[in-house]
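> 3D model of this:
(chains A and B)
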2 protein chains.
Amino acid sequence: MLKPRSSEEVSRILRHCHERNLAVNPQGGNTGLVGGSVPVFDEIILSTALMNQVTSFDRVSGILVCQAGCVLEELSQYVQERDFVMPLDLGAKGSCHIGGNVATNAGGLRFLRYGSLRGTVLGLEVVLADGTILDCLTSLRKDNTGYDLKQLFIGSEGTLGVITAVSILCPPRPKAVNVAFLGCPGFAEVLQTFSTCKGMLGEILSAFEFMDAGCMQLVQQHLRLDNPVQESPFYLLVETSGSSTEHDTEKLSCFLEQVLGSGLVTDGTVATDESKAQALWALRERITEALSRDGYVYKYDLSLPVEQLYDLVADLRARLSSRARHVVGYGHLGDGNLHLNVTAEAFSAVLLDALEPYVYAWTAGRRGSISAEHGLGFRKRDALGHSKPPAAVQLMWQVKALLDPRGILNPYKTLPARA
Amino acid sequence: MLKPRSSEEVSRILRHCHERNLAVNPQGGNTGLVGGSVPVFDEIILSTALMNQVTSFDRVSGILVCQAGCVLEELSQYVQERDFVMPLDLGAKGSCHIGGNVATNAGGLRFLRYGSLRGTVLGLEVVLADGTILDCLTSLRKDNTGYDLKQLFIGSEGTLGVITAVSILCPPRPKAVNVAFLGCPGFAEVLQTFSTCKGMLGEILSAFEFMDAGCMQLVQQHLRLDNPVQESPFYLLVETSGSSTEHDTEKLSCFLEQVLGSGLVTDGTVATDESKAQALWALRERITEALSRDGYVYKYDLSLPVEQLYDLVADLRARLSSRARHVVGYGHLGDGNLHLNVTAEAFSAVLLDALEPYVYAWTAGRRGSISAEHGLGFRKRDALGHSKPPAAVQLMWQVKALLDPRGILNPYKTLPARA
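Numbers count the residues shown, from 1 in each chain, chains lettered A, B, ... in the order given. Below is the predicted model of the structure:
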């Protein structure tokens, strides 16, 4: 594994590989759910772990410039000490690098509030396949000079260039954060609670996450976490972030009164301190960990019209019946993003055949996305055609050929294998 | 001028032009400040004016899908009737098309709150130079399947493809909107007022615009508008948008008390009704109109570090002295975006030589952008090198060659003339 310390070193490595047709696998800290950063055959591993310096931070604008190997959690702490927050947060924050986050266009827990990295990333430094250092590391909120080349590299999973530095806009740290955990009697009520919530909490709403009873059962069974509300078919985690504790608490109370009074929600609890807020978030954030202890896990990360978000879970539960141990759904309801997981005692080709391409075709039938936030990596690249038309896939190949004519950057990833 | 009614018709036109090497100038409704949509020599004009149908609107998610020729103001009205707002608003809203807005990556008055079109545009349908219809018209908040091709067309000024349909995320219509107009004794106080404002208004802040005394004088003189506060070196327009009238009014009052009490602001007025709010906005929005009545106007649209935003105006005023009639600055302070304007009796090559490349070099020296939101078009394309390094310009040409190998789409625009 190579661990360069600067973009110049990355440039030398890539030039060397380019000249000799050697494949390179850039790594962004964690392995990811789709294997985007796992070497497959013969790739040289290039880790940005030693490129972990903050270059600058502007306390007026909140613009952070840093090297690609900075760990998200450390950046988060760095900017929080300066009264800002990172515009993204995800379960893997303790190990993932900001460069990897950008390369995979990570979504995560703050997407609902602060939006996509395509808006918050202001600049990138990227080393191209032939070793050219592309300096688009500006720190401007607005820049319409020519094509916005950095967008090519956001979400391209290291297949078009290696991100070596990032300029990103951090929002001010909210003065007040509230977390509520609610039980819901059905998915129709989940949707109505969401509409009510958007109307009543508006600009202070920062997360609207859901999980089903199966998820709750798994975190109780495998992680010994306690359910803080009465047993329900669905659970919601609602977070608000704002600039006035008094105003936000009042808005949240009105909302809770409304949804409890109308029966949309049957039980609820509000975190009164930081440790309780963390305990409530743990129920949602540690589902992945609980799943991994339940057996072999088939994972799907889908974007669907929010009204139909849970239909596929119910459908699959019936379709698979006893062949699966658990079929559960959770995710970022506010973003229309379902994490669908199926567990079984061990891997089974029969079960996989029952799942794929069924899940992809079901999603395509509703014009959904077969990968909302995890990317395609190695494992899902051949499913690209379910979400993108042939003309788009062809243009992607042309872009790949333009940026990486010898195909040395993360081959076998993102784009489908060609006949 | 050709006015197709569907993407299929656009496709036939482009295929025809591609086969015969005929240049095409796609038009998005208004001419723009940099002449991006003005035919230069021999182009066939392609107007999307007849492609003005709304395809769908989802009342839960706020996702609007429409043809590219819809006029922004009409869309704005359409979604407002359904309790949403368009994520962008600009002075030219009455004539500009949404396709043109996307093609130029328009910024405008709501950028501070709702961010870039790169985040709010969810999908595009684009006709490529050879007539291929590229359907990336998804309506998903998150989609990480392959490369995000639509980003290539956002902000590329019609040089890479013709946008024929747009899917865009509209935020809920705020229940309460407040507008305050303030007088400030100096630019240092403007900056401190901005910091105070961000801290105290936080998530409800939706615009923070500034204009100097010269701008006020121009709107008074040429448009007979009244200055609603006492004469000051700088004026600020602060807008809040939120979900609770009571909370927002309270936050705004606290903020005004603080900045008036500390002397950061010397006078202020708050709009108590819709018509007064519009009158306050008119002072800021009609500066362009007042400038055009003042003589020949040299216009610059720059991104700069916010602390240095006004230095260039003062510098130029001294540099040009009596050669210019007026040197004024205004703009989106919250976005670090200065609109710098110089008026003179008539066009003068001597004055232009005093301005360019001086303004561009000054901006480049602070790593600013020589076009924050207006694009490069025809008039500023040769200045691209002031904001982007040679490796980036070269890659832009490669992207252009890939998407439009015969160079038929809006030639003479965006990318610099080649030797």
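
> quick one, helices of the stretch 101-250 of chain A?
With helices called from DSSP state H, counting those that start in this stretch, the stretch 101-250 of chain A shows them at A:111-114, A:117-120, A:150-153, A:187-201, A:213-223, A:245-261.

> I'd like these as JSON lines, with mean neighbour count and distance to A:A383 appended.
Where you see a C-beta, it was placed from the backbone N, CA and C, and this is true even at glycine. Shown next, in JSON lines, are the helices of the stretch 101-250 of chain A (neighbours: other C-beta atoms under 10 Å in any protein chain shown; distance: least, C-beta to C-beta, whole Å):
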{"stretch": "helix A:111-114", "mean neighbour count": "22", "distance to A:A383": "22"}
{"stretch": "helix A:117-120", "mean neighbour count": "22", "distance to A:A383": "22"}
{"stretch": "helix A:150-153", "mean neighbour count": "25", "distance to A:A383": "22"}
{"stretch": "helix A:187-201", "mean neighbour count": "19", "distance to A:A383": "26"}
{"stretch": "helix A:213-223", "mean neighbour count": "19", "distance to A:A383": "24"}
{"stretch": "helix A:245-261", "mean neighbour count": "17", "distance to A:A383": "38"}
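
> for those, which has the smallest mean pLDDT value?
Ranked by mean pLDDT, these bottom out at helix A:111-114, with a mean of 90.

> quick revisit: need the helices of the stretch 101-250 of chain A in TSV (columns: distance to chain B).
Output for those, formatted as TSV (distance: least, C-beta to the nearest C-beta, whole Å):
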stretch	distance to chain B
helix A:111-114	7
helix A:117-120	3
helix A:150-153	4
helix A:187-201	6
helix A:213-223	20
helix A:245-261	4
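
> out of those, the one nearest B:E73 is which?
Evaluated with C-beta to C-beta, those place helix A:117-120 nearest to B:E73, the distance being 23.9 Å.

> contact partners of the closest one?
A:87-88, A:101-102, A:105-106, A:114, A:151, A:154-155, A:168-169, B:115-116, B:118-120, B:148, B:151 (C-beta atoms under 8 Å, 6 or more residues apart in numbering or on different chains).

> I'd say A:I45 and A:L22 touch.
No. Between A:I45 and A:L22 there is no contact under C-beta atoms under 8 Å: 11.6 Å.

> where do the contact lists of the two overlap?
In contact with both A:I45 and A:L22: no residue, using C-beta under 8 Å, 6+ apart.

> now chain A, which segments are flagged as low pLDDT?
Counting by pLDDT under 70, the ranges of chain A that qualify are A:29-38, A:419.

> per-domain residue ranges of it.
According to automatic domain parsing, chain A comprises the domains A:7-169, A:176-287, A:295-386.

> from the chain's centre, how far out does the longest one sit?
Going back to what we said before, that points to domain A:7-169. 14 Å (C-alpha atoms, centre = their mean, to the nearest Å).

> if we can go back for a sec, please identify the deepest-packed of the domains of chain A.
Among these, domain A:7-169 has the highest mean neighbour count (mean count of other C-beta atoms under 10 Å in any protein chain shown), at a mean of 22.

> where along chain A do the strands fall?
Taking DSSP state E as the test, the strands found in chain A are A:24-27, A:44-47, A:54-57, A:63-67, A:121-127, A:133-136, A:162-169, A:176-184, A:205-212, A:234-242, A:267-270, A:296-303, A:326-332, A:337-344.

> among the ones you listed, which is nearest B:D382?
When the strands of chain A are compared (using C-beta to C-beta), the closest one is strand A:133-136, at 19.8 Å.

> and that closest one with chain B, contact?
Yes. Interface with chain B: strand A:133-136 contributes A:133-136 (C-beta under 8 Å from any C-beta of the partner chain).

> dump those to a markdown table, plus distance to B:T343.
Putting the residues of strand A:133-136 next to chain B into a markdown table (distance: C-beta to C-beta, whole Å) gives the following:
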| residue | distance to B:T343 |
| --- | --- |
| A:I133 | 42 |
| A:L134 | 39 |
| A:D135 | 36 |
| A:C136 | 34 |
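
> and the domains of chain A: which comes nearest B:A92?
Across the domains of chain A, B:A92 has its closest neighbour in domain A:7-169 (15.3 Å, C-beta to C-beta).

> pick out the residue nearest the middle of chain A.
The centre of chain A sits closest to A:G107, judged by C-alpha atoms, centre = their mean, with a distance of 3.4 Å.

> mind listing what the residue lying closest to that one once chain neighbours are set aside touches?
Nearest non-adjacent residue to A:G107, counting by C-beta to C-beta, 6 or more residues apart in numbering or on different chains: A:E373, 3.4 Å away. Contact analysis of A:E373 by C-beta under 8 Å, 6+ apart lists A:105-108, A:111, A:301, A:337, B:142, B:144.

> same check on A:L223?
By C-beta under 8 Å, 6+ apart, the contact set of A:L223 is A:286, A:289-290, A:293.

> using CSV, please lay out those together with distance to B:A207.
Converted to CSV, these look like this (distance: C-beta to C-beta, whole Å):
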residue, distance to B:A207
A:R286, 41
A:E289, 44
A:A290, 45
A:R293, 50
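
> show me which of those residues are buried.
Buried residues within the contacts of A:L223, counting neighbours by 16 or more other C-beta atoms under 10 Å in any protein chain shown: A:286, A:290.

> relative to B:F208, which of the contacts of A:L223 is nearest.
A:R286 (40.2 Å).

> so that closest one versus chain B, what's the distance?
The gap separating A:R286 from chain B is 22 Å, by C-beta to the nearest C-beta, to the nearest Å.

> could you do A:F181 as well?
From A:F181 to chain B the distance is 22 Å (C-beta to the nearest C-beta).

> quick one: that residue and A:A279 touch, right?
No. Counting by C-beta under 8 Å, A:F181 does not reach A:A279; the two are 9.1 Å apart.

> who touches both of the two?
A:228, A:271.

> just to revisit the earlier point, how about the domains of chain A, which one is nearest B:Y330?
Taking C-beta to C-beta, domain A:7-169 is the member of the domains of chain A nearest to B:Y330, at 15.1 Å.

> from one end of the closest one to the other, what's the distance?
22 Å (C-alpha to C-alpha, to the nearest Å).

> ok, stretch A:71-85 next?
Taking C-alpha to C-alpha, stretch A:71-85 runs 14 Å from one end to the other.

> show residues contacting that stretch.
Residues outside stretch A:71-85 that contact it (C-beta under 8 Å, 6+ apart) are A:29, A:52, A:54, A:57, A:59, A:62, A:64, A:66, A:86, A:88-90, A:92-98, A:101, A:110, A:170-174.

> for A:Y298, which residues are in contact?
Contacts of A:Y298 (C-beta under 8 Å, 6+ apart): A:341-344, A:351-352, A:355.

> distance check, it against chain B.
Noted for A:Y298: a distance of 18 Å to chain B, by C-beta to the nearest C-beta.

> quick one on the thing from earlier: okay if I get the helices of the stretch 101-250 of chain A as a markdown table plus distance to A:L415?
Shown next, in a markdown table, are the helices of the stretch 101-250 of chain A (distance: least, C-beta to C-beta, whole Å):
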| stretch | distance to A:L415 |
| --- | --- |
| helix A:111-114 | 25 |
| helix A:117-120 | 20 |
| helix A:150-153 | 14 |
| helix A:187-201 | 35 |
| helix A:213-223 | 33 |
| helix A:245-261 | 45 |
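
> so for A:A364, which of these sits nearest?
Closest among those, once you apply C-beta to C-beta, is helix A:187-201, at 21.8 Å.

> many thanks, I have nothing further to ask.
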